[in-house]
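Chemist: need coordinates for the below:
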Amino acid sequence: MTSSVTQPKEARTRHVERVLWIVLVLNLAVAAAKFFYGLASGSASMQADGIHSVFDTLGNVVGLVGIALAARPADESHPYGHAKFETYGSLVIGVLLLLAAVEVGTGAAGRLVSGEYTAQVTPVSFVVMVGTLTVNLAVSFAERRVGKRLGSEILQADAAHTFSDALVSVGVIAGLVLVACGFPMADPVMALVVTVFILASAVGVFRRALRTLSDHARLSAEDLTRVAEAVDGVQQVHRVRTRGTESEVYADLHLLVDPVMTVVAAHRIGDEIERAVKQAHPEVQEVLVHIEPDTEAERREA
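Modeler: The predicted model follows:
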């Protein structure tokens, strides 16, 4: 199986877009089933779960826009490329999750305050929920697996969103069981549980996106140092830094070489280090190597 880091960027983009389109269609079907049957049966938690699924589809649309922008090549105003637009897209998904939480939470709180419990539980209710739960779990696991393989923040954020929808469905099913057992208040209470799951999902999405936007280290400095110091002629490596997205990492490092080494020889070592790092970590797009003479002064600054 070809990984994202070895296949061309265009192929990776097409792969991500294809997954998002498939998930979009499935999410629309799931949302319609839950929301409209929840509306017909008066179940607040089923309607809330349906609304959550609607926001899943909006997240898919955001993902398609984000990945299209991220696929644009580097230009004069974006010399490092547009990869972070995928990260911005995942942030928008996080915002959509927060909006869904507000919608679901306020509706459930309103029913608890008014004391209006209208849910009617039938065998069809369980068929709808179990069926949509199965679809959500399958979609979430498949999307997460592809997202990790492709290093796609959009797919991983969307998979987390879909998985939260599956967890919500489990809560809704539990609520329907309690309603059937004579506890009508359980329906809006489980809708509030839905809200908590949505908020938790949003926090996870924001955390992942902020790791990229805050230039969090993407690779182990110790590992890159080990790879670079294995190159013949390198005396020492220090000040190793990495940043970027999961699929496009930029690295820079300083290395000490023999002070009398020629520029040509030092340049050759730099090229060998770049090849070695990219071979060990194919997601690395660029390695900036700073050549320094191996002197006492330079070692003190290391």
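
Chemist: please count neighbours and contacts with C-alpha atoms only from this point.
Modeler: Noted.

Chemist: shaky segments in the protein?
Modeler: Applying pLDDT under 70 to the chain flags the ranges 1-9, 43-45, 48-49, 52, 115-122, 297-298, 300-302.

Chemist: give me the domain ranges for it.
Modeler: Annotated domains of the chain cover 9-213, 221-301 [automatic domain parsing].

Chemist: same list, these, but as CSV with mean neighbour count please.
Modeler: Shown next, in CSV, are these (neighbours: other Cα atoms under 10 Å):
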stretch, mean neighbour count
domain 9-213, 20
domain 221-301, 17
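
Chemist: quick one: Thr295 and Leu255 touch, right?
Modeler: No. Applying Cα atoms under 8 Å as the test, Thr295 and Leu255 come out as separate, 11.5 Å apart.

Chemist: which helix in this protein has the most residues?
Modeler: helix 9-41 (DSSP state H).

Chemist: that one packs against which elements?
Modeler: helix 44-70, helix 123-150 (3 or more Cα pairs under 8 Å, 6 or more residues apart in numbering; DSSP states H and E).

Chemist: so which helix or strand takes in Tyr250?
Modeler: Remark: Tyr250 resides in strand 249-257, with elements defined by DSSP states H and E.

Chemist: which strands and helices sit next to the next helix or strand after that strand?
Modeler: Remark: after strand 249-257, the chain's next helix or strand is helix 263-280, criterion DSSP H and E. Counting contacts by 3+ Cα pairs under 8 Å, 6+ apart, helix 263-280 is packed against helix 221-229, strand 284-293.

Chemist: mind running it again at 10 Å?
Modeler: helix 221-229, strand 249-257, strand 284-293 (3 or more Cα pairs under 10 Å, 6 or more residues apart in numbering; DSSP states H and E).

Chemist: in JSON lines: those, plus distance to Ser53.
Modeler: Shown next, in JSON lines, are the helices and strands packed on helix 263-280 (distance: least, Cα to Cα, whole Å):
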{"stretch": "helix 221-229", "distance to Ser53": "40"}
{"stretch": "strand 249-257", "distance to Ser53": "33"}
{"stretch": "strand 284-293", "distance to Ser53": "35"}
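
Chemist: how about those, which one is nearest Pro123?
Modeler: strand 249-257 (51.3 Å; Cα to Cα).

Chemist: what angle do the closest one and helix 263-280 make?
Modeler: On the basis of axes from the mean of the first three to the mean of the last three Cα atoms, to 10 degrees, strand 249-257 is oriented at 140 degrees to helix 263-280.

Chemist: Ala200 touches Ser164, doesn't it?
Modeler: Yes. Counting by Cα atoms under 10 Å, Ser164 is a contact partner of Ala200 at 8.3 Å.

Chemist: if I pick Arg268, what's in contact with it?
Modeler: Listed by Cα atoms under 10 Å, 6 or more residues apart in numbering, the contact set of Arg268 reads 233, 262, 274.

Chemist: same check, this time on Val177
Modeler: Contact analysis of Val177 by Cα under 10 Å, 6+ apart lists 121, 126, 171, 183-184, 186-187.

Chemist: so Gly147 touches Ala157, yeah?
Modeler: Yes. Gly147 is in contact with Ala157 according to Cα under 10 Å; the separation is 8.7 Å.

Chemist: what about the residue of the chain positioned farthest from its centre, distance to Gly233?
Modeler: Relative to the centre of the chain, the most outlying C-alpha is that of Val260, 48.0 Å out, by Cα atoms, centre = their mean. Relative to Gly233, Val260 is positioned 12 Å away (criterion: Cα to Cα, to the nearest Å).

Chemist: against Ala108, how distant is Arg299?
Modeler: For Arg299, the distance to Ala108 - Cα to Cα - is 64 Å.
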